[in-house]
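> Pasted the sequence and its predicted model underneath.
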Amino acid sequence: MISISGGILCAGNLTEDILVWPVDSVVYDATTWVHDIVTSFGGNGANTSYAIAKLGASVRFVGLVGNDEAGDRILNELRAAAIDLRVDRCDLPTPATVVVVRSDGARAFLHRPGASRESFADPLQFTADLIQGCGHFHLANPFAMPKMRPRAGETLRRAKESGLTTSLDTGWDSLGEWLDVIGPCLPHLDVLFANEAEAAKLSGAGDPSESAAFFLERGARSVVLKLGRQGCAVFDAGAQLRAPGFTIKAVDSTGAGDCFAGAFLAGLSRGLSVPETARLANAVGALCVERAGATVGLLDYESTVRWMGRQ
């Protein structure tokens, strides 16, 4: 497993999330009362960056939002979290997602891509100014950004050539292009993150160990599979680690995978061992799931460690 020195440069999307909970059925031409409606920032890149910063690691975020009130609110929240923002603005609306959450934690997403349609319209340039103080580059869900899809592999190659270690969190591909996008990335990846369903779609394998072998054979140096309630599994050449999850009452799993990846990177940047890092990432994912909203449940590093000690 890699070690991370310096800050983390994260590229990805950011959205306005409107979360409605709980909704067990939708009845048209009627009013359904719910417990809560929460509006906050979201998006794979923003969630991951927030988790990194919350755990006390240095993070710089690159993305695109609209020239609108929602974009202003999101950027103010991320600045308040001590994230170094390199976010451009455009005339398209800030991406927005309505997240409908069932009482058992299952979710349905209604997404307006907005500015994400133009994110990284020009290839990301790893200039001296952009990477100053950073030792690692993380690409959060290239599937969410149409113009990043065809150049994700090239972007990671350039990051490696700039002297950065690299990681990618796959996300879910609603267009079904899967390995066409992720395949070119694998030779340039130090860490691949995916959940069990994403790994199965990409590899065609039903078993996490077989999925991991598929990615390792194609160039990824290590693979971290998110296994939900079962925790996670970490694979590299000749080694495998299983880290059990935490027993919690699930409310909403929105953002849990993003925050897991952010916590894993933050753990590596803090010099934790792989078992310690995996346990930390599982804890952050669990804290996320305990509350409605992508990042509402997150704690700082010391509080997270204390929470782990009570479990």
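Everything's here; your move.

> Return the residues in contact with the residue nearest the centre of the chain.
The residue lying closest to the centre of the chain (C-alpha atoms, centre = their mean) is Asp258, at 2.6 Å. Shown here is Asp258, whose contacts under the criterion C-beta atoms under 8 Å, 6 or more residues apart in numbering are Asn44, Asn47, Thr48, Ala51, Ala140, Asp169, Ala294. Using the backbone N, CA and C atoms, a C-beta is placed for each residue, glycine as well.

> who wins for most neighbours among the residues you listed?
Comparing the contacts of Asp258 by number of neighbours (other C-beta atoms under 10 Å), Thr48 comes first, having 35 neighbours.

> what about it, helix or strand, and which?
Assessed by DSSP states H and E, Thr48 sits inside helix 44-54.

> Check Val87 too.
Assigned by DSSP H and E, Val87 belongs to strand 84-90.

> what angle sits between that strand and helix 44-54?
Angle of strand 84-90 versus helix 44-54, following axes from the mean of the first three to the mean of the last three C-alpha atoms, to 10 degrees, is 160 degrees.

> Give me the next element, helix or strand, following strand 84-90.
Following strand 84-90 in sequence order, the next helix or strand is strand 96-101 (DSSP H and E).

> one step back: excluding chain neighbours, give the residue nearest to the residue nearest to the centre of the chain in space.
Using C-beta to C-beta, 6 or more residues apart in numbering and skipping the chain neighbours, the partner closest in space to Asp258 is Asn47 (3.6 Å).

> What separation do you get for that neighbour and Phe120?
18 Å (C-beta to C-beta, to the nearest Å).

> One more: Val224?
As defined by C-beta to C-beta, Val224 lies at a distance of 24 Å from Phe120.

> Kindly report the same for Asn195.
In terms of C-beta to C-beta, Asn195 sits 23 Å off from Phe120.

> Comparing these two, which residue is more hemmed in?
Neighbour count, other C-beta under 10 Å: between Asn195 and Phe120, Phe120 has more, with 24 against 20.

> Next, count neighbours for the residue nearest to the more buried one when sequence neighbours are not counted.
In this structure, Phe120 finds its nearest non-sequential neighbour in Met148, 4.6 Å apart by C-beta to C-beta, 6+ apart. Using other C-beta under 10 Å, the number of residues around Met148 comes to 24.

> Contacts only, for Met148.
By C-beta under 8 Å, 6+ apart, the contact set of Met148 is Ala11, Ser119, Phe120, Leu139, Pro142, Thr155.

> Now do the SS call for Val224.
Three-state assignment for Val224 (DSSP: H, G, I helix; E, B strand; the rest coil): strand.

> ok so, going back, am I right that the residue nearest to the centre of the chain sits in a helix?
Yes: assigned with three-state DSSP, Asp258 falls within a helix.

> Where do the helices of the stretch 151-300 of the chain begin and end?
152-161, 179-182, 196-203, 208-217, 256-269, 274-289 (DSSP state H, counting those that start in this stretch).

> Can you tell me which of those is nearest to Val99?
Taking C-beta to C-beta, helix 256-269 is the member of those nearest to Val99, at 12.3 Å.

> what angle separates that closest one from helix 44-54?
Here the directions of helix 256-269 and helix 44-54 differ by 40 degrees (the same axes, to 10 degrees).

> In contact with the residue nearest to Ala199 when sequence neighbours are not counted, which residues?
Distances taken as C-beta to C-beta, 6+ apart place Ser211 nearest to Ala199, at 3.9 Å, with adjacent residues excluded. Going by C-beta under 8 Å, 6+ apart, Ser211 touches Ala194, Glu196, Ala199, Ala200, Leu202, Ser203, Ala205, Val223, Leu225.

> Return the distance of Ser211 relative to Thr155.
Remark: distance between Ser211 and Thr155 (C-beta to C-beta) = 23 Å.

> Also Ala140?
Counting by C-beta to C-beta - Ala140 and Thr155 are separated by 12 Å.

> Now for those two: what residues contact both?
Contact criterion C-beta under 8 Å, 6+ apart; residues bridging Ala140 and Thr155 by contacting each: Ala11.

> Quick one: low-confidence residue ranges for this protein.
Of all residues in the chain, none has pLDDT under 70.

> Other residues contacting stretch 168-179?
The contact list for stretch 168-179 (C-beta under 8 Å, 6+ apart) reads 44, 48, 138-144, 149, 152, 156, 181-182, 185, 189, 191-194, 197-199, 201-202, 257-258, 261.

> Give me the helices and strands touching the strand holding Val87, please.
Counting contacts by 3 or more C-beta pairs under 8 Å, 6 or more residues apart in numbering; DSSP states H and E, strand 84-90 is packed against strand 59-66, helix 69-80.

> Noted, bye for now.
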